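Colleague: After the sequence you'll find the predicted model.
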Amino acid sequence: MMDIAQLVKTSWDTTWNVFVKRRPFIFVLNSTLRCNLQCECCFRLYGKQQHTDEMGTEDFVLLFERLKRSGIRVAAFLGGEPTLRDDISLLLEVAKKSNMRTVMCTNCFILPQKIHEIGPHLDILLCSLDGYGDVHDQFRGKKGVFDTVLRSIEMAKEFTHCDIKIWARLHKKNCHQVEELVQLAKRLQIKIQFFPLLVDSKNKKYLEMTPEETEEVYDTIISFKKKGFPIDHEYGHLVSIRDHEPFVCNYGRTSLFMGPRGEIHTCRGIKDHDLCSYKEFVPDTLYRSEKYKQKIKRLKGCNACRQPTVMEFSGNLGIALLKKALYHMRDTS
Ligand SMILES: C[S@@+](CC[C@H](N)C(=O)[O-])C[C@H]1O[C@@H](n2cnc3c(N)ncnc32)[C@H](O)[C@@H]1O
C-alpha cells in the first residue's frame with residue numbers, strides 16, 4: 001500500500017506525464033514467452049512453444065534507466081509466465097530502484113518457491129484464476145494449480161506492503177462460478193477483478209460467453225459488489241460491460257507494451273500497433289512522432305477487450321486519474 005506522501009507524488013507525476021509531457025507512465029512487459037501451463041485459451045499458446053531469444057538481464061537494466069528518465073512510474077510484468085525467469089526478482093528490484101511501482105501477473109504455479117525473493121520488490125501481485133477448483137485446473141491444463149494459487153496468496157500476505165488481487169477472466173466454463181470466486185476473495189481478504197475472455201481465434205469461439213450470459217454474470221457481480229464483497233471495479237465499468245457499451249480506450253496514452261524480444265507496441269496483440277524495437281526507443285522522439293499519435297488515436301475506439309487496466313483509465317482520462325487517486329487515498333486511510 002502507498003503512504004500519503006507517496007500517493008501525492010505519484011498522482012502529481014502521473015498528471016504531469018499524461019497532460020503536460022503527453023507521455024505514458026505505465027510500461028507493460030512480457031519478459032518471457034515461456035510458460036509452465038497450457039491454458040485452453042492462451043493468447044499465444046505460450047506453453048506449447050520453445051522460446052530462446054528473450055532479452056537478457058543487462059538489456060532490461062539499461063532499458064529501465066531510460067524508462068525512468070522518460071517518466072515511466074509503473075512496471076507491469078506479464079508473460080508467458082514471469083516467474084520462469086531466473087532473474088525475475090532482480091528485474092523487479094531494478095524497476096523499484098528506478099522509482100517505479102511494480103506489478104506482476106502470474107499463474108502462481110512456482111510462486112511458493114520464489115515468493116521470498118520476489119515479495120520484497122513487488123507492490124501489486126495479480127494471481128490469475130480461471131474458475132474455482134477443478135474448473136481452474138482443467139482450463140489451465142494441470143492438476144493442483146488452483147491449490148497452488150491459494151497457497152501463494154497465503155504466503156504473499158507476509159509482504160504487507162503488497163496489494164494482492166485475484167484476476168479472474170470469465171468464459172463459458174466458469175461464468176456459473178462467480179459466487180464461489182467472490183466468496184473465496186472475501187475469505188482470503190483480498191480483492192478480485194473480473195474480465196471477459198478475449199477470443200482471438202475462430203476455433204475457440206465456443207469459450208466465449210453469449211451476450212445474455214455476460215449480462216447475467218455482470219448482474220451477479222454487481223449484486224455482490226452492492227453487498228460489500230471485495231470486487232475491485234467501479235460500478236460504472238461493471239454496468240458498461242454488462243450493457244456492452246462502447247468506451248474510449250486511453251491505453252495508448254497511459255501505457256506502452258513490450259514483447260519478449262523487445263518489440264514495443266501501443267497495445268498487446270493488436271495488429272499493426274508496433275512502434276519500434278527497445279534498441280531504437282528514444283522516448284521523447286517516439287512520443288512526438290505522428291506514428292505514435294495516430295496509433296493512440298486509433299486505439300481509442302478499439303473496444304476489443306475489457307481488461308481491468310484498460311477499463312480503469314477509460315473515458316475522460318482526467319476524471320479517471322482523479323478517481324484512481326481518490327481510490328488509493330481511501331485504501332491508504
Ligand atoms: C497472458 S497472462 C501472463 C501471466 C501469467 N502466465 C498468468 O497466467 O497469469 C496475463 C493475464 O492475461 C490473461 N489472459 C490470457 N489470455 C487471455 C485471453 N485470451 N483473454 C483475456 N485474458 C487473457 C490471463 O488470464 C492472465 O490473467
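Modeller: On my side now, so go ahead.
Colleague: Now do the same contact list for residue 76.
Modeller: Residue 76 is in contact with 26, 27, 28, 29, 102, 103, 104, 105, 309, counting by CB atoms under 8 Å, 6 or more residues apart in numbering. For glycine as for every other residue, the C-beta is placed from the backbone atoms N, C-alpha and C.
Colleague: same thing but at 10 Å, please
Modeller: Residues near residue 76 by CB atoms under 10 Å, 6 or more residues apart in numbering: 26-29, 82, 95, 100-105, 124, 126, 255, 257, 309.
Colleague: Need the CA coordinates for the helix or strand it falls within. CSV is fine.
Modeller: Using DSSP states H and E, residue 76 maps to strand 74-78. Extracted C-alpha coordinates of strand 74-78, given in CSV (Å, rounded to 0.1, in the frame of the first residue of the first chain):
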residue,chain,number,x,y,z
VAL,A,74,4.8,1.6,-13.2
ALA,A,75,6.4,-1.6,-14.5
ALA,A,76,4.0,-4.5,-15.0
PHE,A,77,5.5,-7.9,-15.7
LEU,A,78,3.2,-10.3,-17.6
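Colleague: Is that strand positioned near the ligand?
Modeller: Yes - for strand 74-78, a contact with the ligand is found by CB under 6 Å from any ligand atom, at residue 78.
Colleague: May I have the strands that pair with that strand, each with its orientation?
Modeller: Partners of strand 74-78 in the sheet, by DSSP bridges, are strand 26-30 (parallel), strand 101-106 (parallel).
Colleague: Let me know which of these is the nearest to the ligand.
Modeller: Nearest to the ligand, of all the strands paired with strand 74-78, is strand 101-106, at 4.4 Å by CB to the nearest ligand atom.
Colleague: Which is the succeeding secondary structure element to that closest one?
Modeller: Along the chain past strand 101-106, the next helix or strand (assigned with DSSP H and E) turns out to be helix 111-118.
Colleague: mean confidence score for the helix or strand following that next one?
Modeller: Sequence order places strand 124-129 as the next helix or strand after helix 111-118, per DSSP H and E. Averaged over strand 124-129, pLDDT sits at 98.
Colleague: which stretches of the stretch 151-300 of the chain have low pLDDT?
Modeller: Where the stretch 151-300 of the chain drops to pLDDT under 70, the residues are 269-271.
Colleague: Now do the strand holding residue 76 and helix 111-118, the angle between them.
Modeller: With axes from the mean of the first three to the mean of the last three CA atoms, to 10 degrees applied, the angle from strand 74-78 to helix 111-118 works out at 160 degrees.
Colleague: near the ligand, which residues of the stretch 1-150 of the chain show up?
Modeller: 35, 41, 42, 43, 78, 79, 81, 105, 106, 107, 128.
Colleague: how about 8 Å then?
Modeller: Contact residues, the stretch 1-150 of the chain versus the ligand (CB under 8 Å from any ligand atom): 30, 35, 37, 39, 41-44, 46, 78-82, 105-108, 126-128, 130, 140.
Colleague: Just the buried subset of the residues you listed, written out for PyMOL, thanks.
Modeller: The PyMOL selection below is limited to those of those classed as buried (16 or more other CB atoms under 10 Å):
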select buried, resi 30+35+37+39+41+42+44+46+78+79+80+81+82+105+106+107+108+126+127+128+130+140
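Colleague: so residue 261 sits right up against residue 274, yeah?
Modeller: No - between residue 261 and residue 274 there is no contact under CB atoms under 10 Å: 11.3 Å.
Colleague: SS state for residue 194?
Modeller: strand (DSSP: H, G, I helix; E, B strand; the rest coil).
Colleague: quick one, what contacts it?
Modeller: Residue 194 touches 129, 166-170, 174-175, 178, 181-182, 217-218, 220-221, 231-233, 238, 241, 306, 308, counting by CB under 10 Å, 6+ apart.
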